[in-house]
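Visitor: sequence and computational prediction follow.
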Amino acid sequence: MGHRREKKRHRALKIYGVWALLVILVNLAAGVVPGLGDWYIRHVFPIWVNTYGRLMDLFPFSVGEWMLCLGVAAACAALVLGLALLLRGMAVLAARARKVGISGKCPIWIRRYYIFFAWTLLSVCTVMTLNCSLLYQASTFSEQYFPDARKTHTSEELIELRNLVVERCNALAREMERDSEGAVVYDGSARDMQEEAIRAMRLLGQSYGQLDGYYPHPKPFAASDFFCQQYMQGYYFPFSMEANYNDVMYIMNKPDTFCHELAHLRGYIYEDEANFISFLACIRSGDSVFEYSGYLSVLNYLDNDFYKAVGGDREAYLAQPRISALVQTDNIFVTDREWERINGKALIDTETVDQVSDVLRDTSLKAFGVSDGVLSYNRVVQLLLEWYYG
């Protein structure tokens, strides 16, 4: 019986080693084999979206959010057990030094937990490779659809585009239906808005082929308050193939965020590309709330770059069309009332959560080869200029 168990353990270890080696080789190959990422997105990635993504869409809640919580709990348990084993080992050594008999054998349930944890970790690495890291090795949106576009633009062109967006925001802000407090009101339910986002993405797919296909419904975070403290509008969960969004943020952020996260599900993993795709989907949707959300989503990026382009000269800045007070009211992440509620019940203050979140996001992006980390979001301006002048 012992021999059979040992043989079984040896076979499992062999399978684990081969599996782990394959994951490493796939990651290495994606970085050196030309076109592998593009081939994968065209022929394999849609299979996961159309099967696993459809399955996850059946759940009315964010499966990925729960997976993340369980993963954190499992990792914490592994650390605690590891610390307990270390202390136990020190106790065994001390006992042996005193010539006191004490068993140094690790309890079988702890060994089994670590075996389970190791297999879970390998599964997560596999899913992250298939649904995330391979996507970083594909051609960019610009390379696919704007190959002949100019990569450099003048300050005058930047100002012209910025002014166009400002004027569209100012005009659309006046068209919005509002409640008694002045907040924008959407004529429909949350589900209606999710369906509209899917429709807008499919419509855009008629012009840009990779965006054509099945989309699951965006899902709200259960812990939206905590994600507010991270200033996070949405998240693509690779391990559940879900587009998730912050349900507490101001309504004008939602259409753009829905389309942004859905863009990741078509293989566009870079944040600046998802920003640009969501902008296009929103302004071409035919829905005025979506259109306004699309223009608002790029307003700050363009306005900040414009201010830098004029060297911080306030007079030169004010000489151009100004952002209206109504637009400034809508150009927020979370309303003051919601911030007061969130901070009033928060276990950890928002500044601390935000700082930790920024470091983690920046580190994770750089780990996937995005050299400028969270600053990569700003690169949407280059895509906007290529599109507008191309």
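Guide: The structure has been received and is ready for your questions.
Visitor: got a list of what Ile41 touches?
Guide: The contact partners of Ile41, taken as C-beta atoms under 8 Å, 6 or more residues apart in numbering, are 134-135, 138, 210, 267. No exception for glycine: its C-beta is placed from N, CA and C like everyone else's.
Visitor: can you tell me the SS state at it?
Guide: Three-state call for Ile41 (DSSP: H, G, I helix; E, B strand; the rest coil): helix.
Visitor: and the gap between it and Gln137?
Guide: Distance check for Ile41 against Gln137: by C-beta to C-beta, to the nearest Å, it reads 9 Å.
Visitor: same check, this time on Gly311
Guide: Distance, Gly311 to Gln137, using C-beta to C-beta: 38 Å.
Visitor: show me which of those two is the more surrounded one.
Guide: Comparing Gly311 with Gln137 by other C-beta atoms under 10 Å, the one with more neighbours is Gln137, at 22 against 9.
Visitor: for the closest residue to that one other than its chain neighbours, the count of nearby residues, please.
Guide: Excluding the flanking residues, the one nearest Gln137 by C-beta to C-beta, 6 or more residues apart in numbering is Gly37, at 3.5 Å. Using other C-beta under 10 Å, Gly37 has 22 neighbouring residues.
Visitor: residues in contact with Gly37?
Guide: Applying C-beta under 8 Å, 6+ apart, the residues near Gly37 are 30, 134-139.
Visitor: what do you get if the cut-off is 10 Å, keeping everything else the same?
Guide: 29-31, 45, 133-139, 267, 269 (C-beta atoms under 10 Å, 6 or more residues apart in numbering).
Visitor: all helices of the stretch 201-350 of the chain, in order?
Guide: 224-229, 254-264, 271-283, 288-309, 314-318, 325-330, 336-345, 350-367 (DSSP state H, counting those that start in this stretch).
Visitor: need those in a markdown table (columns: distance to Glu386, mean neighbour count and mean pLDDT).
Guide: Putting the helices of the stretch 201-350 of the chain into a markdown table (distance: least, C-beta to C-beta, whole Å; neighbours: other C-beta atoms under 10 Å; pLDDT from 0 to 100) gives the following:
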| stretch | distance to Glu386 | mean neighbour count | mean pLDDT |
| --- | --- | --- | --- |
| helix 224-229 | 31 | 22 | 92 |
| helix 254-264 | 17 | 27 | 97 |
| helix 271-283 | 9 | 25 | 96 |
| helix 288-309 | 13 | 20 | 95 |
| helix 314-318 | 24 | 11 | 90 |
| helix 325-330 | 25 | 17 | 96 |
| helix 336-345 | 36 | 12 | 92 |
| helix 350-367 | 22 | 14 | 72 |
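Visitor: redo the ones you listed as TSV? Include distance to Ile24.
Guide: Putting the helices of the stretch 201-350 of the chain into TSV (distance: least, C-beta to C-beta, whole Å) gives the following:
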stretch	distance to Ile24
helix 224-229	32
helix 254-264	24
helix 271-283	26
helix 288-309	37
helix 314-318	51
helix 325-330	47
helix 336-345	42
helix 350-367	15
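Visitor: out of these, which is closest to Glu6?
Guide: For Glu6, the closest of the helices of the stretch 201-350 of the chain is helix 350-367, at 37.8 Å, according to C-beta to C-beta.
Visitor: ok, then the element right after that closest one?
Guide: helix 380-389 (DSSP states H and E).
Visitor: using CSV, write out the CA atom coordinates for that next one.
Guide: Taking C-alpha atoms only, helix 380-389 is exported to CSV below (Å, rounded to 0.1, in the frame of the first residue of the first chain):
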residue,chain,number,x,y,z
VAL,A,380,-4.7,57.2,-25.1
VAL,A,381,-4.0,60.8,-26.3
GLN,A,382,-1.6,59.4,-28.9
LEU,A,383,-4.3,57.0,-30.2
LEU,A,384,-6.8,59.8,-30.3
LEU,A,385,-4.5,61.9,-32.4
GLU,A,386,-3.7,59.0,-34.8
TRP,A,387,-7.4,58.4,-35.2
TYR,A,388,-8.5,62.0,-35.6
TYR,A,389,-5.8,63.0,-38.0
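Visitor: list the buried residues in it.
Guide: Within helix 380-389, the residues that qualify as buried by neighbour count (16 or more other C-beta atoms under 10 Å) are 380-387.
Visitor: now do stretch 289-308: distance to the chain's middle.
Guide: 20 Å (C-alpha atoms, centre = their mean, to the nearest Å).
Visitor: where does the closest residue to Gly53 other than its chain neighbours land on pLDDT?
Guide: Spatial nearest neighbour of Gly53, chain neighbours left out: Met241 (3.9 Å); criterion: C-beta to C-beta, 6+ apart. At Met241, the model reports a pLDDT of 93.
Visitor: could you pull up phi and psi at Met241?
Guide: Main-chain torsions, Met241, degrees, to the nearest 10: phi 50, psi 50.
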